[in-house]
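[1] What shape does this take:
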Amino acid sequence: MPDPDGGFTRLWDEHYDDVLRYAARRIDHETARDIAAETFLIAWRRRGDIPPDHPFPWLLNVARNVLANETRSHHRRTRLWDRLRGDGAHPPAADVASGLAEGGRIAAGLSRLSARDREVLQLVGWDDLDARAAATVMGCSVKTFSVRLHRARRRLTAALAEIDAADRPAPAAPLQRSHQV
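    As a prediction, this is how the structure comes out:
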């Protein structure tokens, strides 16, 4: 009997949790669930575009675009709300879980990088994608992704060195001896 949904149920079963984790590492959990659902809605509408041999990078590319749209919408809503209230811009309160996750040295280093550098490093480090799959997510060639990854790693190394230098105590001033005659 032919598959009535064209394998979409299998795609959902195999990749929904991974897409949800991808989004949850970048935004609060409730919004991440919306991002994952929207990703699969788009996948359903565009099932013919999904590469059958490597669907996961394609799904992450869609999730990345949905997340970018959500982020832009959130910023627009925040600015509008601030204008309506007559307030200046206030940064949104950080999620408690995000604060805990970002408490470490690596998170501090990542926070000093551009959004694109963070995304490149997270695709390889968190999502465990190879260069080909990550390039698909980023919408670029494998060679371009590899260059971006190399540069992002170099920038992260420099940021971590700055953090480490700032955490080191300043060298003590040498003791001066008083000369008594």
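
[2] Only C-alpha atoms from now on, for both contacts and neighbour counts.
    Will do.

[3] Over the stretch of helix or strand residue 65 belongs to, what's the mean pLDDT, rounded is fine.
    Element membership for residue 65 (DSSP states H and E) is helix 55-85. For helix 55-85, the mean per-residue pLDDT is 85.

[4] now residue 157: how far from residue 110?
    10 Å (C-alpha to C-alpha, to the nearest Å).

[5] Give the residue from those two that has the larger number of neighbours.
    Just comparing residue 157 and residue 110: by other C-alpha atoms under 10 Å the higher neighbour count belongs to residue 110, 22 against 15.

[6] Pretty sure the more buried one sits against residue 156.
    Yes. Using C-alpha atoms under 8 Å, residue 110 is in contact with residue 156, at 6.6 Å.

[7] residue ranges with poor pLDDT in this structure?
    Residue ranges of the chain with pLDDT under 70: 1-6, 82-103, 169-181.

[8] Domain-wise, how is it divided?
    1-86, 102-165 (automatic domain parsing).

[9] Please enumerate the helices of this protein.
    All helices of the chain, identified by DSSP state H, fall at 8-24, 29-45, 55-85, 96-101, 105-111, 115-125, 131-138, 142-167.

[10] Just name the most buried of the ones you listed.
    The highest mean neighbour count among those, using mean count of other C-alpha atoms under 10 Å, belongs to helix 131-138: a mean of 22.

[11] Now tell me what touches that helix from outside.
    54, 57-62, 64, 120, 123-124, 141-142, 144-146 (C-alpha atoms under 8 Å, 6 or more residues apart in numbering).

[12] cutoff 10 Å now
    Here helix 131-138 makes contact (C-alpha atoms under 10 Å, 6 or more residues apart in numbering) with 54-65, 116, 119-124, 127-129, 139-146, 148-149.

[13] just to revisit the earlier point, now do the helix holding residue 65 and helix 115-125, the angle between them.
    Relative orientation of helix 55-85 versus helix 115-125 (axes from the mean of the first three to the mean of the last three C-alpha atoms, to 10 degrees): 140 degrees.

[14] Show me what helix 55-85 packs onto, helices and strands only.
    Under the contact definition 3 or more C-alpha pairs under 10 Å, 6 or more residues apart in numbering; DSSP states H and E, helix 55-85 sits against helix 8-24, helix 29-45, helix 115-125, helix 131-138.

[15] Residue 168 is nearest to which of the ones you listed?
    helix 115-125 (25.3 Å; C-alpha to C-alpha).

[16] Can I get that closest one in CSV, CA atoms only?
    C-alpha atoms of helix 115-125 as CSV (Å, rounded to 0.1, in the frame of the first residue of the first chain):
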residue,chain,number,x,y,z
ALA,A,115,25.3,36.2,15.3
ARG,A,116,26.7,34.6,12.2
ASP,A,117,29.9,33.4,13.9
ARG,A,118,27.8,32.0,16.8
GLU,A,119,25.5,30.2,14.4
VAL,A,120,28.4,28.6,12.5
LEU,A,121,30.0,27.3,15.7
GLN,A,122,26.7,26.1,17.1
LEU,A,123,25.8,24.2,14.0
VAL,A,124,29.1,22.2,14.3
GLY,A,125,29.4,22.1,18.1
